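# Sequence and computational prediction follow.
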Amino acid sequence: MTLKKVYIAKRIPKDPPPHLILNINSLMTIREVDSLYIEKIFVDTNYVYNGPWILRPPLSEDEFSLNHLPPNLKPIHIWNMVKKKIESSDVVLGIINGKAYGTIAEVGYASNCKTIAVYILPDENISNDELRDLWFIFQIAKTTKHLWSEDDIKNINEFKIRDINSIEEYENFISNIVPNFMT
């Protein structure tokens, strides 16, 4: 059985797991950083974690570890690396909250690729009001429903955490996220 490549987009947590952090140094070229980012995978029990990878871990909301990034690394280089990882994924799962702007862009891009199953789940700490404000984003996932798989729901732990065990349960869950003006 070939394991699917899964890209799990979300805000980078404080103290991320070490296996998600790339070992970058300021002497590296952009090509070396790109290769390291693109070639990295992490084989989980039920799928291949395909990214994203952390270039500089946060220490808190506004503070990051020492900057060891190459001085000529630009945001466009990072976006290009992210796009390549998304395009090489079978599944993109976005965990969103009101500050997950990059995640929202990633799932939008993935859904436009037309070959990637996209799922969107709320951050575990999201408030009901914030969830209702983000209702529109969950509709993106529905545009890829024809690519959804029961195996995705069973194999990706983020669904289990939210007690979602089937495509039907997932679709019902996101269908019940509606804006205030529709209630």
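Okay, I see it. Numbering: from 1, shown residues only.
# ok, for residue 82, nearest residue in space, not its chain neighbours?
The shortest distance from residue 82 to any non-neighbouring residue, by Cβ to Cβ, 6 or more residues apart in numbering, is to residue 52 (6.0 Å). Every residue, glycine included, has its C-beta placed from N, CA and C.
# residue contacts, that neighbour?
7, 8, 9, 82, 85, 106 (Cβ atoms under 8 Å, 6 or more residues apart in numbering).
# Among those residues, which are located in strands?
Using DSSP state E, the subset of the contacts of residue 52 located in strands is 7, 8, 9.
# Okay, and the beta partners of the last one?
Here residue 9 sits in beta bridges with residue 94, as judged by DSSP bridges.
# Residue 100 versus that one, what's the distance?
Distance, residue 9 to residue 100, by Cβ to Cβ, to the nearest Å: 8 Å.
# So between those two, which is more surrounded?
Each of residue 9 and residue 100 has its neighbours counted (other Cβ atoms under 10 Å); residue 9 has more, 26 against 22.
# pretty sure residue 170 is touching residue 159, no?
Yes: Residue 170 lies in contact with residue 159 (Cβ atoms under 8 Å); the separation is 6.9 Å.
# in this protein, which ranges drop under the pLDDT threshold?
1 (pLDDT under 70).
# Repeat the analysis, applying 90 as the threshold.
1-2, 12-16, 57-66, 98, 179-183 (pLDDT under 90).
# which stretches of it form strands?
Under DSSP E, the chain gives strands at 5-9, 42-43, 48-51, 91-96, 117-122.
# tell me what the second one is packed against?
Contacting strand 42-43 under the criterion 3 or more Cβ pairs under 8 Å, 6 or more residues apart in numbering; DSSP states H and E are the following elements: strand 48-51.
# ranges for the helices of this structure?
30-39, 75-87, 101-113, 128-133, 135-142, 150-155, 157-161, 167-175 (DSSP state H).
# Can you lay out these as JSON lines showing distance to residue 95 and mean neighbour count?
Listed next are those as JSON lines, based on distance: least, Cβ to Cβ, whole Å; neighbours: other Cβ atoms under 10 Å:
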{"stretch": "helix 30-39", "distance to residue 95": "20", "mean neighbour count": "15"}
{"stretch": "helix 75-87", "distance to residue 95": "15", "mean neighbour count": "16"}
{"stretch": "helix 101-113", "distance to residue 95": "7", "mean neighbour count": "19"}
{"stretch": "helix 128-133", "distance to residue 95": "12", "mean neighbour count": "14"}
{"stretch": "helix 135-142", "distance to residue 95": "11", "mean neighbour count": "17"}
{"stretch": "helix 150-155", "distance to residue 95": "15", "mean neighbour count": "16"}
{"stretch": "helix 157-161", "distance to residue 95": "7", "mean neighbour count": "14"}
{"stretch": "helix 167-175", "distance to residue 95": "13", "mean neighbour count": "15"}
